[in-house]
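>>> This is a predicted model, with the sequence first.
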Amino acid sequence: MKNKLDFIQNLDKDIKEAVTENFYNQDNELVLKINLKDLKKICLYFFKDLKFYLLSAFAADESKNDGNKFKIRYIFSHSSIDLFIIIETETGGTFPSLSEEIPALNWYEREMKDLFGLIPEGHPDPRPLMLFPENYPQDIQNMHPLRKDYPFNFRPEFKKYGEYNYNKDVKGDGVFNILVGPVHAGIIEPGHFRFSMSGEPILQLEIRHFWKHRGIEKIAEGKTISEALSLAEKISGDHCVAHSLAFLAAAEKILNIKIPENALYIRTIYAELERLLCNINDFAWLFQDAGYSFGAQETFVLKEDIMELNKYLSGSRFNKGILSLGGINTCGNIDNLRKNVLKEKLSNFNKRYLNLKKMLLNSSTIGERFEETGYINKETILDLCALGFAARASGVPSDTRKEHPYLIYDKLRFNSKVLKNRDVFARLLIRFYDIEESFSIITQCLNELPAEDINKSGREYADNNVNNTGNNISKNKSKNDRCIIAKDDKIDAAQQLSTNRLRSWALGYCESQRGNIMHFVELDEKSRISRWKIRDPSFHNWQLIEFAVIGDIIADFPIVNKSLNLSYAGNDL
C-alpha cells in the first residue's frame, strides 16, 4: 500500500479521471467527490481491487443548501495505511445498490431508504429495516425521519399498517421453524431469531432487529456538543466510554482542539478499563451458557469488583461523565492516590483472572462445547467487513488502535492477536489475549502518566485557544468557567471556538471491546449538530450470526451468540 501523501497519484488512471474533486478533510481523511454514475466503479475498485474495508455508509439531507439534494458518503479503510477514503456523491432520490457486490452495504442501503426515502435501485432485499411495516405507514411521502422536513411531532396512528415478510424460507419434508424473541427471558434486549430446522441441525437463521430503535441521530439534531455527548454515553450502555471517545474525537478535530498529554493517558486508561470489564463479562457468560455455573459466578464476582473500582475512580460503575470536550472532567482525574489503588487492584484482578482462565482451559466439557462450534469463514468476515475480535478469530486483522492510532496507542507496547480457528473457542482465546493486553496497557499508562496538574493544563489550554481565535467569551464568565477539561458542569466550548474550526465535519473512531466504532459528526454554523452518523461494530457483526450457526444444533445457539455478544442498543440506535 502506497504512502498516504502520494496515494491519489497512484490510483488507476480511469479512477483518477472519474474523481471530480479530492482533498484532505483531516490529516488521514481523503475525500473523493464523484458523479453518481461512477459510484459502482469507484467503490468496487477500492473494495475488490485494493482490498479496502467498508467502515460506514450514510446519507445527509442537503436540501436546505441545495434544493432536493442528498449527499451519500462511503467510508473505506485499509489495515496497512492510516488513511480513510471518503467517497462522496449526490442524488436527488435514487442511487445504485452495491450490496450484491459489497454485502456489508445491505443494511446501510436499507437504512438510507427508511430514514431518508432514498431508493437503492436493484437492491436484492428492499424490505424496511427500521420502520417496521406493521406499525409505520410506508406510503406517506417524505415521512422519513432524518429528512430535514420531517416534523418532530409526527407520530403515526397506533394501528397495524402491513406485514413483515421473512426472506429466508426453507421448505421440505420435516422442515420446521422455531421462533425466538423479540421478548427474551432475563434482562437481555429485544431481538428476533427465526430458525429453520430439520431434526436438530440448524438449516437457516434469519434475524430481525431494530426493535430498540430510539432515533438517537434525529434527537441529536440542533443539540450542542455537550448535549450530544450526553447522548453518546447512552448509545450502548457497556460502551459508554468508547462511543464518547469517538464522538469527541470528531468534534475536537472540527474545532482544532489539542488534548493535554495527561488527559490522553487518562482517556486511554478508561478505554482499557471498559474493554477489560466487557471481556470479563463475556468470559463469565460463556462459562454460564456452557453450564459451568461455579466458574461463571466466580467470574461475575471479578466483574463486580472491576465495577466497584470504576465507581471509586469516577463515581460511576460504567465511568459515565468522565469525558468532556478537550479532555477529562475532574471526577475522572487519576491522582497519585487513585493511581496507587488502581495498580494494587489490577494486580489482584490479574491473579484471579489467570486462575479462572486456567480453570476453563482445563475443562474438557468446555473444550467440547466451544471447539468446532460457530464457525465463521474468513470469506464471510471479508464480505460483511466484520470488525474486532470476531474478525481476528477468523484470520482477519482488525484493530483501530494499530491501524489508525489515536490517543497514545502509538506509544504503547501491545499485540493484537489474530487466530485462524474461526470457532467459538477462538473467539474466547482472542478475549483472553485482549484481557492480558488491557492489564499491560493500563500498567504502562500508570507508569508513564505525566505528573502535570490536569486542572492547570485545562485552564491554560482554554485560555490559549480563546485568545488565538479572537473569540470573546462573555465578560460575566470567570477564568475557571473556561476550563474545558476540569469543569464538571461542562460549558459548551464549541460555541466559543467555532469561528476557528478547520472543517464543518470530521470522523471520530475508537476500538471498542467489540471492534471499530465510527462516528461522522457535522456541525452547523452555530456549532450545533447538523448530521451525526453513528456506527457501532454490532451493525456489521450481527449479520455474522446467520452464518455462524449453520449446521450447529440449536442447543449451541446461546454459546455462539455469546461468543459474539453483540449490542442490540448500539445496533438499533
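Sure thing, it's come through.
>>> show me what contacts residue 89?
The contact partners of residue 89, by C-beta atoms under 8 Å, 6 or more residues apart in numbering, come to 33, 34, 35, 36, 38, 39, 71, 72, 95. (C-beta placed from N, C-alpha, C; glycine too.)
>>> In a markdown table, list those along with distance to residue 167.
Formatted as a markdown table, the contacts of residue 89 follow (distance: C-beta to C-beta, whole Å):
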| residue | distance to residue 167 |
| --- | --- |
| 33 | 35 |
| 34 | 31 |
| 35 | 32 |
| 36 | 28 |
| 38 | 30 |
| 39 | 25 |
| 71 | 30 |
| 72 | 24 |
| 95 | 22 |
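>>> Just the buried residues out of the residues you listed, in PyMOL syntax.
Remark: buried members of the contacts of residue 89, expressed as a PyMOL selection using 16 or more other C-beta atoms under 10 Å:
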select buried, resi 34+38+39+71+72+95
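>>> List the ones among the contacts of residue 89 that fall in helices.
The helices, defined by DSSP state H, take in residue 39 from those.
>>> Quick one: end-to-end distance for stretch 218-229.
End-to-end distance of stretch 218-229 (C-alpha to C-alpha, to the nearest Å): 14 Å.
>>> pLDDT averaged over it - what is it?
Across stretch 218-229, the average pLDDT comes to 95.
>>> mind listing the strands for the stretch 101-250 of the chain?
With strands called from DSSP state E, counting those that start in this stretch, the stretch 101-250 of the chain shows them at 119-121, 176-180, 192-197, 202-208.
>>> so where's the stretch 301-450 of the chain uncertain?
Residue ranges of the stretch 301-450 of the chain with pLDDT under 70: none are present.
>>> for it, what spans make up the helices?
Remark: helices assigned in the stretch 301-450 of the chain by DSSP state H, counting those that start in this stretch are 336-361, 364-370, 378-383, 388-392, 400-403, 424-448.
>>> just the stretch 151-300 of the chain next, same as before
Secondary structure of the stretch 151-300 of the chain by DSSP H, counting those that start in this stretch: the helices cover 216-219, 225-232, 240-254, 261-289, 293-314.
>>> Tell me how far the longest one lies from the chain's centre.
Meaning helix 261-289. Taking C-alpha atoms, centre = their mean, to the nearest Å, one finds helix 261-289 lying 15 Å from the centre of the chain it belongs to.
>>> I'd like the numbering to begin with 545 instead of 1 from here.
Okay, using 545 as the starting number, the last item reads as helix 805-833.
>>> how about it: buried residues?
Neighbour-count burial for helix 805-833 [16+ other C-beta under 10 Å]: 806-833.
>>> now do the shortest one
With burial defined by 16+ other C-beta under 10 Å, the residues of helix 760-763 counted as buried are 760, 761, 763.
>>> Need the nearest residue in space to the first one, chain neighbours excluded.
In this structure, residue 760 finds its nearest non-sequential neighbour in residue 1117, 5.0 Å apart by C-beta to C-beta, 6 or more residues apart in numbering.
>>> count of residues packed around that neighbour?
Residue 1117: 23 surrounding residues under other C-beta atoms under 10 Å.
>>> Now the phi/psi pair for residue 1110, please.
Phi and psi for residue 1110, reported as degrees, to the nearest 10, are phi -90, psi 160.
>>> Please tell me how far residue 1073 sits from residue 772.
5 Å (C-beta to C-beta, to the nearest Å).
>>> for residue 1099, same thing?
Residue 1099 is 43 Å from residue 772, by C-beta to C-beta.
>>> Same check on residue 910?
According to C-beta to C-beta, residue 910 stands 43 Å off from residue 772.
>>> Could you do residue 564 as well?
From residue 564 across to residue 772, the span is 32 Å (C-beta to C-beta).
>>> So which residues make contact with stretch 883-903?
Here stretch 883-903 has contacts from 813, 824, 827, 839, 842-843, 846, 849-850, 853, 856-857, 878, 976, 979, 983, 986-987, 990, 993, using C-beta under 8 Å, 6+ apart.
>>> Narrow those residues to those that are buried.
Neighbour-count burial (16+ other C-beta under 10 Å) applied to the contacts of stretch 883-903 gives 813, 824, 827, 839, 842-843, 846, 850, 853, 857, 878, 976, 979, 983, 986-987, 990, 993.
>>> where are the low-confidence patches of the stretch 645-794 of the chain?
Looking at the stretch 645-794 of the chain by pLDDT under 70, you get 685.
>>> Please apply the same query to the stretch 995-1117 of the chain.
Using pLDDT under 70, the stretch 995-1117 of the chain drops low at 996-1046.
>>> Break this structure into its domains for me.
548-665, 760-1116 (automatic domain parsing).
>>> Just name the most buried of those domains.
The highest mean neighbour count among the domains of the chain, using mean count of other C-beta atoms under 10 Å, belongs to domain 760-1116: a mean of 20.
>>> Check the separation of the first and last residues in that domain.
This stretch, domain 760-1116, spans 9 Å end to end (C-alpha to C-alpha).
>>> chain center to that domain, what's the gap?
Relative to its chain's centre, domain 760-1116 lies at 9 Å (C-alpha atoms, centre = their mean).
>>> Tell me who's in contact with residue 702.
residue 679.
>>> Distance of it relative to residue 835?
Relative to residue 835, and taking C-beta to C-beta, residue 702 is found at 43 Å.
>>> Quick check: closest non-adjacent residue to residue 1095.
Residue 1095's closest residue in space is residue 745 (C-beta to C-beta, 6+ apart), at 5.7 Å.
>>> about what we covered before: for the buried residues of helix 760-763, which one is nearest residue 778?
residue 760 (7.7 Å; C-beta to C-beta).
>>> residues contacting the nearest residue to residue 652 once chain neighbours are set aside?
Nearest non-adjacent residue to residue 652, counting by C-beta to C-beta, 6+ apart: residue 601, 4.0 Å away. Residues in contact with residue 601 (C-beta under 8 Å, 6+ apart) are 616, 617, 618, 619, 649, 652, 653, 656.
>>> now swap in residue 967 and tell me
Residue 967 touches 914, 915, 916, 917, 918, 919, 937, counting by C-beta under 8 Å, 6+ apart.
>>> Need the max-distance pair from those.
Within the contacts of residue 967, 916 and 937 form the most distant pair, 13.4 Å apart (C-beta to C-beta).
>>> in its sheet, what does the lengthiest strand in the chain sit against?
In the chain, with assignment by DSSP state E, the single longest strand is strand 625-635. In the sheet, strand 625-635 lines up against strand 573-578 (parallel), strand 614-622 (antiparallel) (DSSP bridges).
>>> For the residue nearest to residue 867 when sequence neighbours are not counted, give its distance to residue 865.
The spatial neighbour of residue 867 that comes closest, neighbours along the chain excluded (C-beta to C-beta, 6+ apart), is residue 788 at 4.7 Å. Separation of residue 788 from residue 865 (C-beta to C-beta) stands at 9 Å.
>>> which residues are common contacts for the two?
Residues touching both residue 788 and residue 865 (C-beta under 8 Å, 6+ apart): residue 777.
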